[in-house]
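**Q** Mind looking at a prediction? Sequence and model below.
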Amino acid sequence: MSMPFYVSPEQLMKDRADFARKGIARGRSVVAVQYADGILFASENPSQALHKVSEIYDRIAFAAVGRYNEFENLRIAGVRLADMRGYSYDRRDVTGRGLANAYAQTLGTIFSSGGEKPYEVELFVGEVGETAADDQLFRLTYDGQVADEHGFAVMGGQVEVVAGALASADVAGAPLDQALAAAVRALGHTEGGDRVIPTADLEVAVLDRTRPRPRKFVRLSPARLDTLLGERGSAQSAPAEGSVEESVEPGRASTAPAVDDPADPTDQVSGGVPPLEDPTTGEPPIAPPP
Amino acid sequence: MTDPRLPAAFLRPGTSSFADFLADQAPDLLPGRRALPTGDHSDLVPHGTTIVAATFAGGVVLAGDRRATMGHMIAQRDVEKVFPVDEFTAVGMAGTAGFIFELTRLFQTELEHYEKIEGTTLSVEGKANRLSTLVRGNLAMAMQGLAVVPMMAGYDLREGRGRVFSYDVVGGRSEERGFHAVGSGAIFARGSLKKLFREDYAEADCVMSVVQALYDAADEDSATGGPDVARRIYPIVHVITAEGGRRLDEAEVAAVVDRMLAARMSAPGGPVAELPEVSA
């Protein structure tokens, strides 16, 4: 009979957080901006079918980064929750706060339960009100934390780099074309230089309070984006997402890489990454007894 | 609701139908799932009456009168029985008023739910079939006098024309050519439209013929309400074209009704159909 090694709760949570964070950082960023008429969501997403930004209800939208199957699951649950609440009470009784709360509880429970792997997702839940002061933007992390964001927010990918580019642009409360231009510029900004993202690779949607219909969510088509963005210089697509997996020849299964890739939490090689230090003392971990 | 977490069923992949999800999770919210004592209960609740639909060159018109009756009484004189369900579809329903509202809300949510989950809208036939299923769910109630008989009008973007679907109480649907009416005054409205309907009418002419048909129905059927000029209660008229659906506002319908009434002052029977020439 073998005895399991003792793992401190701090170490367990840190391991799970590192695992989730690694997965989220692999993708590309999603940007949310509170512009003059509502909330704008923008992301670089070449897929026309697999959305990162979607409608939940009349005034509520959802954006996500991380694993598609996991956030798609959460999106559908959100649509069901909202439709059920709107059907049994009234359309006005469906709120972004209620939805964000349900997501937070769900993510938090999964994160701290030992049996399941934590979700590798981060979410935005945005809700437009009658005026800009009533707009709400929540950001939910993999462990169920909720943050109330103001002005703009970035999640996934190179968060600091993109957020830095947006912060210098002063986008909060700007008209749609300015907010969009700044958001798209920020998405194309990297430490190595700036890139013009082609409009076909952009996924942009807004919650626009000036729409006359009760459903305020609208996707901006590439044609509309071209008009709003104007002339930007020659566009350039990004290299494929998750470069290790997708550099494989099309039609062939991926093979296990021979070297450790810090961007891939599922690889079996653990050469290059040092084991995690003790979270309380900062000391390197002690090797398990042979 | 003490646990704020999303229930496991919400996170389970599966149906994109809201009605199926409700049947699984909260069957008491579905209209057809209630136990009822035996007998005919049709006189105990308000009933909505006549709905008329007609297609025209660029779309389709759906209209309904404003009366709800309970036995011999008028239960409500400004009831609404025609509703938009999405941008290109509208329904009008005759029958038990309470179930009309409930079924309409369910159908609206059903289509919106599908659109949000699948990221695309249902085909016109798909919508018509979904409504069939929802009506069928109400069958037990219908057998006890609490029936709902809907009619769906929609603009088919793929085929570029307006379409009308009618239903019976068991959910059987059939596509109607040109025009149709349901409800207690339907026989008279249909007879009227038979003489007034033209395939090549423009929107305004089609609206006029539909308003005429509702007037003819109200003329013969006590449960159908005519335009109430004193209270300014006019039929609800919903027009759907390639640009989407819109409900005509009160002033627009009032103008049509006023023109119709002015003509009926001299000819109470309404427009006269032309006979083919009879040889002497």
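**A** Arrived safely.

**Q** can you pull the contacts of residue B:22?
**A** A:84, A:87, B:29, B:30, B:106 (C-beta atoms under 8 Å, 6 or more residues apart in numbering or on different chains). C-betas here are computed from N, CA, C, even on glycine.

**Q** could you redo the last one with a cut-off of 10 Å?
**A** Residue B:22 sits next to A:80, A:83-84, A:87-88, B:28-30, B:33, B:106, B:109-110, B:113 when contact means C-beta atoms under 10 Å, 6 or more residues apart in numbering or on different chains.

**Q** Quick check: helices, which of the residues you listed are part of them?
**A** Among the contacts of residue B:22, the members falling in helices (DSSP state H) are A:80, A:83, A:84, A:87, A:88, B:106, B:109, B:110, B:113.

**Q** for the contacts of residue B:22, which one is nearest residue A:104?
**A** Of all those, residue A:104 sits closest to residue A:80, with 17.1 Å by C-beta to C-beta.

**Q** just so I have it, where are all the strands in chain A?
**A** With DSSP state E as the criterion, chain A has strands at A:30-35, A:38-44, A:53-57, A:60-66, A:121-127, A:136-140, A:146-149, A:152-155, A:189-190, A:193-194, A:202-208, A:217-219.

**Q** so which of the ones you listed gets nearest residue B:175?
**A** Of the strands of chain A, nearest to residue B:175 by C-beta to C-beta is strand A:53-57, at 30.6 Å.

**Q** Check residue B:202 and give its pLDDT.
**A** Listed pLDDT for residue B:202 reads 96.

**Q** thinking again about what came up before, using CSV, please lay out the ones in helices among the contacts of residue B:22 together with neighbour count and distance to residue B:214.
**A** Formatted as CSV, those follow (neighbours: other C-beta atoms under 10 Å in any protein chain shown; distance: C-beta to C-beta, whole Å):
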residue, neighbour count, distance to residue B:214
A:80, 26, 39
A:83, 23, 34
A:84, 20, 37
A:87, 21, 31
A:88, 12, 34
B:106, 22, 26
B:109, 19, 29
B:110, 26, 28
B:113, 25, 33
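
**Q** May I ask which of the contacts of residue B:22 comes out lowest in pLDDT?
**A** Ranking these by pLDDT, residue B:33 lands last with 76.

**Q** Residues of the stretch 151-290 of chain A that sit close to chain B?
**A** A:213, A:215, A:217, A:219 (C-beta under 10 Å from any C-beta of the partner chain).

**Q** What sits closest to the third one if chain neighbours are left out?
**A** Meaning residue A:217. Excluding the flanking residues, the one nearest residue A:217 by C-beta to C-beta, 6 or more residues apart in numbering or on different chains is residue A:55, at 3.8 Å.

**Q** show me where pLDDT drops low in the stretch 101-250 of chain A?
**A** Scanning the stretch 101-250 of chain A for pLDDT under 70 picks out A:239-250.

**Q** which stretches of it form helices?
**A** A:159-167, A:176-187, A:222-229, A:243-246 (DSSP state H, counting those that start in this stretch).

**Q** okay, the angle between the first one and strand A:121-127?
**A** This points to helix A:159-167. Taking axes from the mean of the first three to the mean of the last three C-alpha atoms, to 10 degrees, one finds that helix A:159-167 is oriented at 30 degrees with respect to strand A:121-127.

**Q** list the contacts for residue A:200?
**A** Contacts of residue A:200 (C-beta under 10 Å, 6+ apart): A:46, A:48, A:222, A:225, A:226, A:235, A:237.

**Q** could you measure it against residue A:45, distance?
**A** Using C-beta to C-beta, to the nearest Å, one gets 10 Å for the distance from residue A:200 to residue A:45.

**Q** For chain B, which residues are neighbours of chain A?
**A** Counting by C-beta under 10 Å from any C-beta, chain B sits next to chain A at B:3-16, B:18, B:21-22, B:25-26, B:28-29, B:86-87, B:102, B:105-106, B:108-110, B:112-113, B:115-117, B:119-120, B:244.

**Q** Give the buried subset of these as a PyMOL selection command.
**A** Typed into PyMOL, the next command selects the buried ones out of these (criterion: 16 or more other C-beta atoms under 10 Å in any protein chain shown):
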select buried, chain B and resi 5+6+10+11+15+16+18+21+22+86+87+102+105+106+108+109+110+112+113+115+116+117
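
**Q** Filter the residues of chain B next to chain A down to just the ones in helices.
**A** Among the residues of chain B next to chain A, the residues falling in helices (DSSP H) are B:8-11, B:18, B:21-22, B:25, B:102, B:105-106, B:108-110, B:112-113, B:115-117.
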